[in-house]
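**Student:** Return a 3D structure for these sequence lines:
(chains A, B, C and D)
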Amino acid sequence: MPVAGIDIGSRTAKAVIMEGDKIISSHIGETILKGPDVGIAVLNESLKLAGLKLSDLESIMPTGYGRFQFTGGEKHVSEISCHARGVHWYFPTVRTILDIGGQDSKAIKCDSNGRLTNFVLNSKCAGGTGRFLEVIADILEVPIEKLGELALSSRQNISFSTVCVIFAKTEAINMLREGVPKSDIIAGLHDSIAKVAASLLVQLTVEKDFSLTGGVAKNSGVVAKIKEKIGLEPMIAPDPQLIGAVGAALFALDRAKRRRTA
Amino acid sequence: MSQILKTLTPFMEINKEFPFASPIKEWKQSGGKVIGFFGGDIPEEILSAAGALPVWLRGHCSEIPLDDANSYLHIYTCSHMRSILEIALKGDYNYLDGVMSTPYCDGSRRMFDVWDRYIPIPALFFLHTPHKNTPEAEAYYYENMKEFVTSLESTFQKKVTKEALWDAIKTYNQTRKLFIQLYDLRKKDNPPISGAEVMEIYDASAMMPRKDFNILLEKVIDEAKTADRKLDSGHRLMINGTALHNPEYVKGIEDLGSIVVADSLLNGAMGFSDLISEDENTDPLLAITRHYLNKFPAPRMVPSEIRFDKILQMAEDFRIDGMITGVVRYCAPHIYDEIRLSKRFEARGIPSLRLDLEYGMAATGQIKTRVQAFIEMIEERKRKG
Amino acid sequence: MKIIGIDIGSIATKLVLLNDTGVVYRESLSISERSETVAAKIIEKALQANSLSRDSIDLIVGTSRSGGDAPFADMKKGLYMCLFKGALELFPDVKTIIDVGAENTTIVTLDKESQIKDFTVNDKCAAGGGVFLEAIAKAMGLSLDEMAAEAMKTEKTIDIASTCTIFAEQEILSYAFEDPPPPRSEILAGLHESLASRVVGLTGKVGVIPPVLLCGGVSLNPAFVRSFKKLINAEVYLTEAPQFVVALGAAVIGRNYILNSKESPHAGSGN
Amino acid sequence: MDHSLWLEAVKNLEGLTNHVLPKVKSSGEKAYYELYTSYFQKVTQAMVEGKEIAAHSTFVPPEIFHAMDMVPVLIVSSSGAMTVCTRNYKDAMDTSRGYGVPLETCSAHRIQLGHFVKDWFPKPKLIVHMGAGCDAFSSSGGVSADMYDCPDFYLDVPWEYSKRGVKYLAEEFGRLIEFVEKETGRKMDWDRLKENMARTAEMTRLYREIAELRKAVPSPMESRRAWQSYWMYWINAGTPEGVRWFTIVRDEVKARVEKGIGAIPNEKLRLLDLFMPPQFSFRLQDWMAKDYGALFVSESIVFHWGEEEIDPSNPLEALAMRYFMAPMTRCIMGSSKDFINDSIKAVKEYKVDGAVFWAQNACRQAGIIRSLKDALSEQAGIPTLVVDCDIMDPTFVTVEEMQLRLKDFIEILSERKARRSN
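**Tutor:** Below is the predicted model:
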């Protein structure tokens, strides 16, 4: 029977429906101040895509920021464990994961079963998250999906003081005022995100097979910088934003299985 | 979780009345003096022997805007101190007859200056404390204690007698003994009391006469012993870090499948783990001096190994699965302490987690995610053995 | 006499054209380019709109908040001076000037002789300007006007404790996941109040002397002004074009300079 | 151990010195470059020759190590200097962040810990740190000792000056000497310590004399020289080099006062420096002096000594007394009263037009700003500018951002001064 994983993040909610070992459907929706109902909304969308009803699901696992308010699901699991689990499903050899999310950046270690063994998160003040990119993309009037491409055309190294999104914004404005090309500013920004990520990773031991997840993993500029800083090629899942929901769905499968055998 | 302990109700009632709780009001109405203090390691026994009610100042158990405080203490001062100052600037600490501090940390020292200059207060007391427990430090500290007693006596026109000091020592030791009993109950597999509930007790203890408090605490212990209350322990955690007072913060941690069974907080185990000598043939002031010099040390005291060993010993005694350190931003003593302590925990195979906090915070979304993942990690480690 | 005052702000650049009768033209441009380019564009625009040539302008006085150079200007002046002169031009009896701009809040108090007594600007690590509201509006997918309008629907406010924009954003997001979530209007009213409270808290550093002029772009926001008036506890002046006070001050300094030099050709202090 | 960074830094420093020396005319500037470079050269030499190095935090007296024939090296300041010389700010700070040191602590200590994580710092025989300055000072030495797994001694200092405090601190110095004797097997040469203390007393006398001479209008000393003097004092306390430095500077300053000339040609505004400016560059101060004739004529935290004298015949007590009388410790330790009163006095004695407080990122000493600013306004009648900045991180607040604030302030002060003279 199918199961669902829902990752209700602070900015977006994602739902994945799985059956056996396959993803049947998925959906991503905006969350901002929409409240707890957003989880059920994205779930319904993905059910529709799969041609299923809520009652067809054997188990629903919520994770993410909004997991506490989600009713009608399993006892929730943190998105950090879900990330480890989701990545493991795609890449069983991966032991180190770097997740750059909207509000947090995390470095995660897992074992050969995809179980969480250690993790580090950025301090609240450190920036280096997806939000960082959004704010700057906005100032530069560059669509966020174009950032990576632009950054790769940069010719000079610009250093950002990465402490804070707000300060970085002021810095970016000043750079614009001094006539620094947008591509260089974006490249500098990517560099600083990669630096924060690298400083998280050094707190754990990085193993060769490592994966990059979160919306930022779609950004070729950041990926290139991370490769440069870590010296390893990250493995990236087809839709890195969905990893948490996939992990949650896998936990849902476990729970369902456990109930069946019990 | 099972029904809350009935005997906790009086404490929770008092906490609701913060900052001017009824025991303080009653004390004032009967003509008693009230001395507020901040910083740490304050010899409350002396204040009490001088006939005053010592009140440990703190901020609200919620994160409040600190805009007034920010204009007096720059934002690089921790929000713990600024939260206290905000209340004082709003006039809600106007009931105090005096304020006392020590050179505890950068924040408390500068806060004392601001208090001195800007907050109308009848009396200010400052006790100089050393950072070591050498014989020279003891002599220096003892002389400072004497000086402090003299300033108290002259301000309140009241002699601090040996008898009063011994009486206060016994009363405060009684509290310590009771807390030791209470913590012994927390060593059990299924402790009868949660960490959040213990925090309620601590919070109330700061706002009432010690003798009254002891009576109430004794009742809690009796109930905890007899009520056959077994909290589902989940994973056993210890909390550490900057002085924190919000039971909701602890509850947030416990709601995620853990129970807080021990702490190394200034407003917790650091205060009661050691007793003052009650040998009446000695000088009570010297007994107090020695106690404060040698007790469970705060991060300001050196060598840090004494503190680390004590915490590690607690971790063993309370069979800790993990340690969570809450560090209020800009709290330098705990920032550096945590770096060293977590490495020592790691060496013993006990995982630790640092949470960056603002004072007053409950467990917010981000904190919950970190804590839950931490607990899931502990679970995995346990599963593997 | 025709004088141009230009205020190169962190986000928008403002221009005021002054003649013998007073302000005849105002212009604002929000483009992120080199200061010189922006200034050249805004001057060009002003000249065209008024059918003037560059030669017909007696003096251009500029001030820059981002520290960029102002080679276009005949005379450069600092932010505090311009703000001070602009405010005095509008309200000769003003004693406290509070300018809430995009990035910063600047406060100037005046003494009995209407000279600068004290001044302050918000601490670096505490968002003290409109950017605080903007960032959150963006995150919520609302315009600033929509956000203010929604906040005005309620008198109740929810406390937003964080001084940091990013922390505040998280605080607001966390409300959405409260069960039940508080009404959005109350959260937004709280957001505006939180900025107002921070601005008023900042006045504690210099001490408010009434009457107070509230200016800067953010003072066009009704929800902010409502909270500000509630908290300040002093008579508040508002002005119709609050974001132009600094540019006006620059122009006034230019006018006074020309008037003074006509009287005494050696006066050069710019006052 | 990876000493390449240290060696590179010292090489850069030597290169800079060789480059600058032929150009500078001032004997003070010359002496600074020479002495500063030779300080680090001595440490490098000790590393190469395997001489025992004593790493110590600021205010721990180097006189003791000199008297025991060890090579002292400052922990925080040397790490900082090495970073300035190699411009590896980011690397050092990112490294410490990776180690778990959060951003909410001062960058000077973050850089220090970065050097220890990477093993860049010379391996010392022992580390001596003390609770002077701030909580970060009290704590970071212990973290460094942990990292290098080397014996450390924490020197306890009383919070405020008192007779009792002097006695206790002197006893602590005694314990420190016992510790060094035990760890190294060396013996304290008490005669040498007395000689060192006599030089320290002489340096202090010259330091105070310079402070007096600086009251002249126009001011005879560049503000960078004031900070150089402060560092020279703590690097070379008790050494002939130290006496040499202060003699040169005194002579330079005295000659100017006698001739009635100033350190800068066109002095217009006299400023009081209230706190530590960013240490990565003195470009700001040079720019203020050159473009605006605005000169810092005194510095509350490094140029105001307490009144008590230092008696070299009792070296331990002399060390304690010097600690309490020295400007920085006098201001930063103890209640804010000394800091405030010294500053008010300075405004009058040095004819100051305005004051500047450098609000260092994450520095809890900023808690004094309000009291100081109010006191200077009410009791000395001058305005104070608060400049947000970072002690070691040049990107936190850029020089341009600081210039903008300073420019506005200079404009206000100029108007004020013009109005008053009318």
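
**Student:** Run through the strands of the stretch 151-300 of chain B in chain order.
**Tutor:** B:235-241, B:258-263 (DSSP state E, counting those that start in this stretch).

**Student:** And these: which comes nearest chain D?
**Tutor:** Closest to chain D of the strands of the stretch 151-300 of chain B is strand B:235-241 (C-beta to the nearest C-beta; 12.5 Å). The C-beta positions use only the backbone N, C-alpha and C, and glycine is treated the same way.

**Student:** Within its sheet, name the partner strands of that closest one and how each one runs.
**Tutor:** In the sheet, strand B:235-241 lines up against strand B:258-263 (parallel), strand B:322-328 (parallel) (DSSP bridges).

**Student:** Turn the ones you listed into a markdown table, columns for mean pLDDT.
**Tutor:** A markdown table is the format used below for the strands paired with strand B:235-241 (pLDDT from 0 to 100):
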| stretch | mean pLDDT |
| --- | --- |
| strand B:258-263 | 96 |
| strand B:322-328 | 96 |
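
**Student:** what would these look like in JSON lines with distance to D:E195 and mean neighbour count?
**Tutor:** Below are the strands paired with strand B:235-241 laid out as JSON lines (distance: least, C-beta to C-beta, whole Å; neighbours: other C-beta atoms under 10 Å in any protein chain shown):
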{"stretch": "strand B:258-263", "distance to D:E195": "53", "mean neighbour count": "26"}
{"stretch": "strand B:322-328", "distance to D:E195": "47", "mean neighbour count": "25"}
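
**Student:** mind putting the ones you listed in a markdown table, distance to A:C110 included?
**Tutor:** Shown next, in a markdown table, are the strands paired with strand B:235-241 (distance: least, C-beta to C-beta, whole Å):
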| stretch | distance to A:C110 |
| --- | --- |
| strand B:258-263 | 21 |
| strand B:322-328 | 18 |
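
**Student:** Quick check: end-to-end length of stretch A:114-130?
**Tutor:** End-to-end distance for stretch A:114-130: 25 Å, by C-alpha to C-alpha, to the nearest Å.

**Student:** wait, stretch D:122-134
**Tutor:** For stretch D:122-134, the end-to-end distance is 24 Å (C-alpha to C-alpha).

**Student:** So for stretch C:101-120, what gets flagged as buried?
**Tutor:** C:101-110, C:116-120 (16 or more other C-beta atoms under 10 Å in any protein chain shown).

**Student:** Over to stretch D:230-242?
**Tutor:** Counting neighbours by 16+ other C-beta under 10 Å, stretch D:230-242 gives D:Y230, D:W231, D:M232, D:Y233, D:W234, D:I235, D:N236, D:A237, D:G238, D:T239, D:E241, D:G242 as buried.

**Student:** what's the closest of those residues to A:E233?
**Tutor:** For the buried residues of stretch D:230-242, the closest approach to A:E233 (C-beta to C-beta) belongs to D:W231, at 47.3 Å.

**Student:** Tell me the residues of chain B that contact chain A?
**Tutor:** Within chain B, the positions near chain A by C-beta under 8 Å from any C-beta of the partner chain are B:329, B:351, B:356, B:365-366, B:368-370, B:372-374, B:376-377, B:380-381, B:383-384.

**Student:** right, and B:L353 touches B:V371 too?
**Tutor:** Yes - contact criterion C-beta atoms under 8 Å: B:L353 and B:V371 qualify, at 7.1 Å.

**Student:** joint contacts of those two?
**Tutor:** B:I324 (C-beta atoms under 8 Å, 6 or more residues apart in numbering or on different chains).

**Student:** which residues touch stretch B:150-160?
**Tutor:** B:K33, B:I46, B:L47, B:A49, B:A50, B:G51, B:A52, B:G98, B:A123, B:F125, B:V149.

**Student:** Run a quick neighbour tally on the first one.
**Tutor:** Meaning B:K33. In terms of burial, B:K33 registers 19 neighbours under the definition other C-beta atoms under 10 Å in any protein chain shown.

**Student:** give me every residue that touches it.
**Tutor:** Contacts of B:K33 (C-beta under 8 Å, 6+ apart): B:G51, B:A52, B:L53, B:D97, B:G98, B:F156.

**Student:** what's the burial count for the fourth one?
**Tutor:** Read that as B:D97. Count around B:D97 with other C-beta under 10 Å applied: 17.

**Student:** excluding its backbone neighbours, what's nearest it?
**Tutor:** In this structure, B:D97 finds its nearest non-sequential neighbour in B:K33, 4.3 Å apart by C-beta to C-beta, 6 or more residues apart in numbering or on different chains.

**Student:** and the one you found, what are its bridge partners?
**Tutor:** B:A52.

**Student:** mind listing the strands for the chain?
**Tutor:** Just going to use chain A. A:3-8, A:12-19, A:22-30, A:59-63, A:96-100, A:105-110, A:116-121, A:210-213 (DSSP state E).

**Student:** nope, chain C
**Tutor:** C:3-8, C:13-19, C:22-29, C:59-64, C:75-76, C:96-100, C:105-110, C:116-121, C:212-215, C:236-237.

**Student:** Now the residue in the stretch 151-271 of chain C that chain B sits nearest to: closest residue in space that isn't a chain neighbour?
**Tutor:** Nearest residue of the stretch 151-271 of chain C to chain B, counting by C-beta to the nearest C-beta: C:G201, 2.7 Å away. Leaving aside its sequence neighbours, C:G201 sits nearest to B:D67 (C-beta to C-beta, 6+ apart; 2.7 Å).

**Student:** wait, doesn't the one you found sit right on C:R198?
**Tutor:** Yes - with contact defined as C-beta under 8 Å, B:D67 counts as touching C:R198 (5.4 Å).

**Student:** related to what we said a few turns ago, CSV for the buried residues of stretch D:230-242, including secondary structure, pLDDT and distance to D:E209?
**Tutor:** Listed next are those as CSV, based on DSSP: H, G, I helix; E, B strand; the rest coil; pLDDT from 0 to 100; distance: C-beta to C-beta, whole Å:
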residue, secondary structure, pLDDT, distance to D:E209
D:Y230, helix, 95, 15
D:W231, helix, 94, 19
D:M232, helix, 96, 15
D:Y233, helix, 97, 13
D:W234, helix, 95, 18
D:I235, helix, 94, 20
D:N236, helix, 96, 17
D:A237, coil, 97, 17
D:G238, coil, 97, 18
D:T239, coil, 97, 19
D:E241, helix, 97, 18
D:G242, helix, 97, 15
